[in-house]
Structures are given as C-alpha cells and as structure tokens.
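> Based on what follows, work out the 3D shape:
(one chain, ligands or ions: 1)
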Amino acid sequence: MMCHRPVLLNEVVELLQPADKRVIVDCTLGLGGHAAALLQASCKDAQLVGMDADEGNVICAKKNLASFGGRVRFFHANFSHIQEVFAEVGLAGADAILADLGFCSNQMDDSARGLSFTNDGPLDMRLNRDSPRTAADLVNQMDEKELADLIYQFGEERLSRRIARAIVAARKTARIERTAELAEIITRAMPRRPGRRHDIHPATRTFQALRIAVNDELTSLDTLLGCLGDILMPGGRAAIISFHSLEDRRVKHAFADFAGTGQAKIITKKPVVPAREEIFSNPRSRSAKLRVIEKI
Ligand SMILES: C[S@@+](CC[C@H](N)C(=O)[O-])C[C@H]1O[C@@H](n2cnc3c(N)ncnc32)[C@H](O)[C@@H]1O
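You can find the predicted model right below:
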C-alpha cells in the first residue's frame with residue numbers, strides 16, 4: 001500500500017483543538033492520518049466517526065486506526081450523507097469536523113482508477129465503484145458543447161472548446177478508453193508555443209473537470225457546507241482543506257454566509273497554506289488551503 005502524507009497536519013490539530021472535543025468527525029478518512037493525530041491529541045473518552053466514499057480506503061483506515069479500538073466508528077459513505085450517518089450513530093452534533101477534500105496519494109497512484117494522465121489506466125475516475133458513470137462514459141457520450149462546458153466550468157480551462165472538438169473527432173475512430181490516450185489527444189489539441197514552457201501538464205484541467213463531474217464533487221461539498229450549522233455543536237469547529245479554487249471559493253462563501261447569520265465566527269481570516277518545508281517534502285500539498293469556522 002502506497003502511503004499518503006496528511007496535509008497541514010499540525011495546523012489541523014492546532015486549529016480543531018481536539019483536546020477539549022468529545023465527538024470528532026472525519027468526513028474524508030482516507031488512510032486515517034489526520035484521524036490518528038486528532039485521536040492522539042484528544043482525551044481518552046473522545047469518539048471519532050470517520051467516513052469515506054472509497055470502500056478500499058475505509059478498510060485501510062480500519063487497519064491503521066485499529067489501536068484506537070472502539071473509539072472509532074467507520075462508515076463507507078459520501079459526506080453528502082453526513083446527516084444520515086449522524087442519525088445512524090445517534091449523534092446530536094459534532095464538536096470537530098474535518099474534510100480533507102480530493103484524493104489520497106494511493107488513489108492517484110493506482111493506475112486502475114484512471115485518475116492520472118502519467119500512469120496509463122482505464123478512464124474510470126470513480127471514487128465509489130458503485131457510481132454509475134465513468135469518465136469514459138462522459139468523454140464518449142456527451143455532445144461537443146456539453147463536453148466543452150463541463151471542461152470550462154469544472155476545469156476552468158480556457159481552451160475547452162478546442163479540447164472538446166479534438167475529443168469528438170478522435171472518438172469517431174474508436175471509443176476513448178485509456179487515460180494516456182485522452183492525455184495525448186488533449187496535448188495534440190493544444191496550440192504550440194515554441195520556447196514557452198507549460199507550468200502544468202496540458203491535460204491537468206480537463207482531468208480535474210472529468211473527476212469533479214464523475215464524482216459530483218461540488219454538489220457533495222455544497223451539501224456538507226450547507227448543513228454545518230445543523231451538525232456542529234455550539235463551540236464546535238469545522239476545518240476544510242481544499243485543493244483548487246472551485247472548492248476554496250465555495251468554502252470561503254459558505255463560511256462568510258454562516259458567520260453572517262451571527263451564529264458562527266471565522267477562525268482563519270485568510271486560508272492557512274503549507275509552509276515551504278511541507279511543499280518541498282510533499283509537493284502534493286502545494287495547492288492546499290485550510291479554512292476553519294467555529295459555531296458560537
Ligand atoms: C485527501 S484524502 C484524505 C486523507 C486523510 N485525511 C488522511 O490523512 O489519510 C481524501 C479522501 O476523501 C475521500 N473523499 C473524497 N470525496 C469524498 C466525499 N464526497 N465523501 C466521502 N469521502 C470522500 C477520498 O476517497 C479520499 O480517501
């Protein structure tokens with residue numbers, strides 16, 4: 001199992017203040033790195049409810065958190081169903097909530113998941129294998145305009161029309177089934193600018209867009225943000241780590257709205273970002289932004 005290094009770990013522990021919290025909820029357990037640190041920093045009778053949309057990661061987290069015994073309850077669930085999970089556990093509310101969005105390194109590095117354009121694999125991208133649509137379904141079935149709009153909205157890709165046109169032309173010959181194939185089609189569709197280096201791979205934004213669409217990521221985030229007022233106990237804190245501007249903007253606005261009701265205060269006036277040393281030792285942390293809010 002490839003390991004995943006929890007991002008902004010000390011900052012999350014410092015800002016969520018687990019020492020005086022009884023009910024901690026990790027919406028994105030992953031391999032349990034943040035959960036273990038939060039449990040270690042909490043008192044012995046604190047409980048952690050952890051969920052993940054990826055069943056494989058719930059199994060890994062169970063193994064990694066075994067030493068905490070009955071203090072942890074595990075759920076294979078999307079955090080958009082957090083209120084159903086609370087009802088199942090009989091929880092009235094949480095004192096600390098963490099959502100570390102996106103994917104773990106083990107998922108990105110697993111070519112069978114089709115999340116990466118550098119490791120060739122099937123064009124899948126589903127977090128939850130029970131979800132109906134894969135990225136290949138979108139790429140091969142959507143019409144050109146829909147595809148261009150999707151790449152523009154979820155990837156913030158200026159060249160979305162050009163890319164959609166190239167995809168539609170390529171799939172006339174054969175269905176596009178592999179990540180490397182799609183990355184190659186996108187790369188060839190990009191204008192050549194001799195002497196100009198790209199800071200990111202030309203397929204980065206399109207892959208982000210497809211991943212967001214396949215997993216309905218922004219709807220899930222909106223649902224979680226929309227119920228924070230109901231699921232946080234007074235004095236409870238929520239910490240969200242996002243990895244791109246579409247997520248961070250949502251978190252920022254939802255927190256401002258919540259604070260605007262007078263029922264919460266924003267703890268992080270500006271997002272907390274990783275220190276240079278963390279980015280150096282874990283380049284995947286470079287786009288992380290942490291925002292924290294407290295219910296009054
Ligand atoms: C960045 S990793 C979390 C890593 C974790 N904090 C750790 O320390 O190991 C994100 C995790 O969230 C899960 N995930 C992403 N979106 C989700 C959602 N809407 N509901 C539940 N889990 C989700 C992914 O499957 C992945 O395991």
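
> can we go C-alpha only for contacts and neighbour counts from here?
OK.

> can you map out the helices along this protein?
Here the chain has its helices, by DSSP state H, at 9-16, 33-40, 55-64, 82-89, 105-109, 135-141, 144-155, 160-171, 179-189, 204-215, 217-226, 228-231, 245-260, 276-281.

> Can you lay out those helices as CSV showing distance to F117?
As requested, those are exported to CSV (distance: least, CA to CA, whole Å):
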stretch, distance to F117
helix 9-16, 28
helix 33-40, 26
helix 55-64, 22
helix 82-89, 32
helix 105-109, 10
helix 135-141, 13
helix 144-155, 15
helix 160-171, 15
helix 179-189, 5
helix 204-215, 8
helix 217-226, 20
helix 228-231, 35
helix 245-260, 21
helix 276-281, 22
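
> The ligand is nearest to which of those?
helix 33-40 (3.4 Å; CA to the nearest ligand atom).

> Name the residues of the closest one that are buried.
G33, H34, A35, A36, A37, L38, L39 (16 or more other CA atoms under 10 Å).

> Let me have those residues in a markdown table, extended by distance to the ligand and pLDDT.
Converted to a markdown table, the buried residues of helix 33-40 look like this (distance: CA to the nearest ligand atom, whole Å; pLDDT from 0 to 100):
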| residue | distance to the ligand | pLDDT |
| --- | --- | --- |
| G33 | 3 | 97 |
| H34 | 4 | 98 |
| A35 | 7 | 98 |
| A36 | 8 | 98 |
| A37 | 9 | 98 |
| L38 | 10 | 98 |
| L39 | 12 | 98 |
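
> pLDDT at P132, what is it?
pLDDT recorded at P132 is 89.

> What degree of burial does it show, as a neighbour count?
10 (other CA atoms under 10 Å).

> Next: F86.
16.

> which residues sit in contact with it?
A92, G93 (CA atoms under 8 Å, 6 or more residues apart in numbering).

> Now do it against R71, distance only.
15 Å (CA to CA, to the nearest Å).

> The ligand contacts on the stretch 1-150 of the chain?
Within reach of the ligand by CA under 6 Å from any ligand atom, the stretch 1-150 of the chain has these residues: 4, 6, 27-34, 52-54, 57, 77-79, 100-104, 127.

> Can you tell me which of the residues you listed end up in strands?
D52, D100 (DSSP state E).

> Type out the ChimeraX command that picks the buried ones from the residues of the stretch 1-150 of the chain next to the ligand.
The buried residues among these can be selected in ChimeraX (16+ other CA under 10 Å) with this line:
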select :4,6,27,28,29,30,31,32,33,34,52,53,54,57,77,78,79,100,101,102,104,127
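
> now the chain, which segments are flagged as low pLDDT?
The chain contains residues with pLDDT under 70 at 1-2, 194-198.

> List the buried residues for stretch 155-162?
Buried, per 16+ other CA under 10 Å, within stretch 155-162: G155, E156, E157, L159, S160, R161.

> ends of that stretch, how far apart?
OK, stretch 155-162 end separation, CA to CA: 14 Å.

> Residues in contact with it: which ones?
Contacts of stretch 155-162 (CA under 8 Å, 6+ apart): 144-145, 148-149, 151-152, 189-190, 205-209.

> before we move on, what about stretch 263-272?
Outside stretch 263-272, the residues touching it (CA under 8 Å, 6+ apart) are 11, 229, 255-256, 258-259, 289-296.

> Show me how to select, in ChimeraX, the buried members of the residues you listed.
The buried residues among these can be selected in ChimeraX (16+ other CA under 10 Å) with this line:
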select :229,255,258,259,289,290,291,292,293,294,295
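
> can you redo the contacts of stretch 263-272 as a markdown table with distance to E217?
Listed next are the contacts of stretch 263-272 as a markdown table, based on distance: CA to CA, whole Å:
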| residue | distance to E217 |
| --- | --- |
| E11 | 24 |
| G229 | 20 |
| F255 | 18 |
| A256 | 21 |
| F258 | 21 |
| A259 | 24 |
| K289 | 17 |
| L290 | 18 |
| R291 | 18 |
| V292 | 20 |
| I293 | 21 |
| E294 | 24 |
| K295 | 25 |
| I296 | 28 |
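
> And the contacts of stretch 263-272, which is closest to T223?
G229 (11.6 Å; CA to CA).

> That closest one contacts K295, correct?
Yes - counting by CA atoms under 8 Å, G229 touches K295, with 7.2 Å between them.

> Pull the contacting residues for E294.
P234, G235, G236, R237, A238, A264, K265, I266, I267.

> switch to 6 Å and redo it
G236, R237, A264, K265 (CA atoms under 6 Å, 6 or more residues apart in numbering).

> Skip the chain neighbours and tell me the closest residue to it.
R237 (4.3 Å; CA to CA, 6 or more residues apart in numbering).
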